[in-house]
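Student: The sequence isn't on hand, but the structure is:
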């Protein structure tokens, strides 16, 4: 009844909807009683354990320590790092790189006994926010190194591997890179062709293949490389090609990297091809299980996603400050332009998008630090939201600044160019939307499956059935499902809480209807999946700001009333979008719309471009 | 060398912050305002740590007087390389009235207690601009002083200090123990690195009360009123030198 393994659509780790099935389903399978809010909302249920209250995961010592770090890091980026120079040189200045290494910025999450700072995810997020505010090019250099480059060793490395590699990686003496993408394998990561063949003596693998667009590819000494290895299937006994993750050192020989790619943005970050030509990789360098590389890749990317949301929250903060400064000082038509409605709307929307992103980043990092293992949907949502919000916010900043915004000197155009890639790498937003939707459908489908089983034995499952029947009956009559957030959200935002509940009910009902309508074929209905994902993102955003604003109100913060405004305004509009989308999905007109879109696209493909002839006839 | 250096570090409003006077004119707004180590104190810490790195002195002790938050400033000094800290706890009214005389009494008492060879302070704090603590401390201890130092060289049991004075540079040689105050060009303070901040967590900060040092904090100064500087008046453009002279005469300036 439910979606198959393809639900694991992860840009780098999952196939497209038409890829292979099986194993990933196990890997992504969520436990029956998931605490994830997102998982439950797809079932039309509310599980608040991970979202209310807003997580406060730092103890006093951790918080104090973190505060001491914020100053020096900010100071470094204000006084030493020169983002314009880095952008012009298309590399991070040597002296800045040295300074970053001395600062300790290369091993933020490496355990202290191995030379790092041992920061928690939340602490890491706070520092990465600073980097995001000042220089995304440096941010990617650091992120490609520690957020994904050697994260595999942190998550899956043996004690011996950790002791061998982490100290030099933490000091920055060695730089790391994450090598998955190939010319023919981007989103469809399971189709990679790099191979690693075990030697007859069983002591080493021979690695052959080429990777493209590798951040830090030209700088790295340590590579986390994903390659196909021949593995014996336990059940059938036949040999299958499965992905294995390896730690590969440039010093093994046979590893070459190409010249730096010329890019639109994050120019300071080194991006290069990396080629492996009969590289001998000792078996001790296998990372995780042989044949388990897919899981390694997926976990690495999932684990690093919150960092992106945090960095981009920082970027937005910086850009908003620029916009406000301009609006407050610029006079046109006799008034400062911040007095005009058009500018006011822009700034208000920028503030809301920042508030949501920041709240998502620290909600996810807080959940991770609390030991949650079930956060992949939320992490994906936060990446999608953050990358699109920051693009939109920076765009509006340039608009508010007018011509000045377009000039290099103002610094905003560089940020815009830097931001474009964030919607593409680490899982394209398109693939991640499919992932969110299909993952959700899969979990909702499980629930329906249980229902189906229960129906076969109604007397033995009376409780479950009456509950479900009651729910559907109430829904049909237009009454609520009995779900409520009263008592969980702060009374001052109770109305927004009610809107959220209504939206969840509508959402859950639509999910169920889509499943019943399409069954397994839902995985092919990308028009539906995209809209479902959009609503899922909006819903999670509503809940996240409700939680944050509730906490601020409860704490009586001076900003609480302003946060209440941000929360309420966001919820009103998000509610409108969700209800409209769900309504259109359930109506018959959406089918026609999708058909039209498909037909237009088909014609373009047939024609190699625009189909309609020129209005002038030539 | 068994020499111990005492460095005073003061927690002040960060230099980049726009200062605002409190509505009741009793002082400036400090609540919720960013504070950091006085820049001249940073230079003092840097000099002390450099001496230690050259193995000319054995221990650098960072001292700060104030409420609980003073420990943040001490920790910054520890992150820069100081070995341990002493927090002299002063809060409330006592802290509001804490001035150079009281601080120098405290430093003098600590210097004797801790068997200090050298006291290095910033030449002045950027909040009160007093430029008195170093001088008073030396006087209370009856130690020689080298103020406005732009270069410090240890020579056995003496210290050569090159001082920035109005006429240029003056070189003095002081017999230790002595007091030195740091001027801008003495050195460029290092950035505290994150690993050093982490290591600093393990360094000790002793908390001491002024009473335990036998120091009386009574102040004989009373701040009557704090005002913002007067708004800058617009200037006037003149066409000729004659006009300039006549305007100046009108304004009573000539």
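Tutor: Thanks, I have it. Not measured: the values here are computed from a predicted model.

Student: Every contact and neighbour count from this point should use C-alpha atoms.
Tutor: Noted.

Student: Show the residue spans covered by the strands in the chain.
Tutor: Went with chain A since none was named. Here chain A has its strands, by DSSP state E, at A:176-179, A:195-198, A:204-215, A:222-232, A:239-249, A:255-257, A:271-282, A:286-287, A:331-332, A:335-336.

Student: please go with chain B instead
Tutor: Using DSSP E, strands in chain B cover B:4-8, B:11-13, B:35-37, B:59-66, B:84-89, B:118-122, B:145-155, B:158-165, B:168-175, B:178-182, B:205-208.

Student: can I get the ones you listed in JSON lines with distance to chain A?
Tutor: Shown next, in JSON lines, are the strands of chain B (distance: least, CA to the nearest CA, whole Å):
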{"stretch": "strand B:4-8", "distance to chain A": "20"}
{"stretch": "strand B:11-13", "distance to chain A": "14"}
{"stretch": "strand B:35-37", "distance to chain A": "9"}
{"stretch": "strand B:59-66", "distance to chain A": "17"}
{"stretch": "strand B:84-89", "distance to chain A": "16"}
{"stretch": "strand B:118-122", "distance to chain A": "21"}
{"stretch": "strand B:145-155", "distance to chain A": "23"}
{"stretch": "strand B:158-165", "distance to chain A": "27"}
{"stretch": "strand B:168-175", "distance to chain A": "30"}
{"stretch": "strand B:178-182", "distance to chain A": "22"}
{"stretch": "strand B:205-208", "distance to chain A": "15"}
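
Student: Could you check the ones you listed and tell me which one is nearest residue A:162?
Tutor: With CA to CA as the criterion, residue A:162 lies closest to strand B:84-89 of these, at 32.9 Å.

Student: nearest residue to residue A:199 other than its sequence neighbours?
Tutor: Distances taken as CA to CA, 6 or more residues apart in numbering or on different chains place residue A:205 nearest to residue A:199, at 5.7 Å, with adjacent residues excluded.

Student: Tell me what residue A:286 is bridged to.
Tutor: residue A:246 (DSSP bridges).

Student: which residues are in contact with stretch A:510-518?
Tutor: A:1, A:2, A:42, A:43, A:441, A:444, A:445, A:522, A:532, A:582, A:585, A:586 (CA atoms under 8 Å, 6 or more residues apart in numbering or on different chains).

Student: What segments of the stretch 101-250 of chain B are helices?
Tutor: B:133-141, B:194-200, B:241-250 (DSSP state H, counting those that start in this stretch).

Student: I'd like those written out as CSV, with mean neighbour count, mean pLDDT and distance to chain A added.
Tutor: Below are these laid out as CSV (neighbours: other CA atoms under 10 Å in any protein chain shown; pLDDT from 0 to 100; distance: least, CA to the nearest CA, whole Å):
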stretch, mean neighbour count, mean pLDDT, distance to chain A
helix B:133-141, 21, 97, 28
helix B:194-200, 21, 91, 5
helix B:241-250, 12, 91, 35
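
Student: Same list (these) but as JSON lines, adding distance to residue A:150.
Tutor: Output for those, formatted as JSON lines (distance: least, CA to CA, whole Å):
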{"stretch": "helix B:133-141", "distance to residue A:150": "51"}
{"stretch": "helix B:194-200", "distance to residue A:150": "19"}
{"stretch": "helix B:241-250", "distance to residue A:150": "72"}
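
Student: Check the contacts of stretch A:510-518 and tell me the two furthest apart.
Tutor: Farthest pair in the contacts of stretch A:510-518, by CA to CA: A:1 and A:582, 21.1 Å.

Student: Can you pull up the most central residue in chain B?
Tutor: residue B:122 (3.7 Å; CA atoms, centre = their mean).

Student: Make sure it is actually in contact with residue B:46.
Tutor: No - at 10.8 Å, residue B:122 does not count as touching residue B:46 under the criterion of CA atoms under 8 Å.

Student: What values do phi and psi take at the closest residue to residue A:96 other than its chain neighbours?
Tutor: Among residues not flanking residue A:96 along the chain, residue A:81 sits closest, at 5.9 Å (CA to CA, 6+ apart). Note on residue A:81: backbone dihedrals following degrees, to the nearest 10 are phi -70, psi 140.

Student: how about the strands of chain B, which one is nearest residue A:602?
Tutor: Among the strands of chain B, if distance is taken as CA to CA, the winner is strand B:35-37, at 63.1 Å.

Student: circling back: any of the contacts of stretch A:510-518 buried? List them.
Tutor: A:1, A:2, A:42, A:43, A:441, A:444, A:445, A:522, A:532, A:582, A:585 (16 or more other CA atoms under 10 Å in any protein chain shown).

Student: related to what we said a few turns ago, can you tell me which of the strands of chain A is most buried?
Tutor: Highest mean neighbour count among these (mean count of other CA atoms under 10 Å in any protein chain shown): strand A:176-179, with a mean of 29.

Student: Given it, what are its sheet partners and their directions?
Tutor: strand A:222-232 (parallel).
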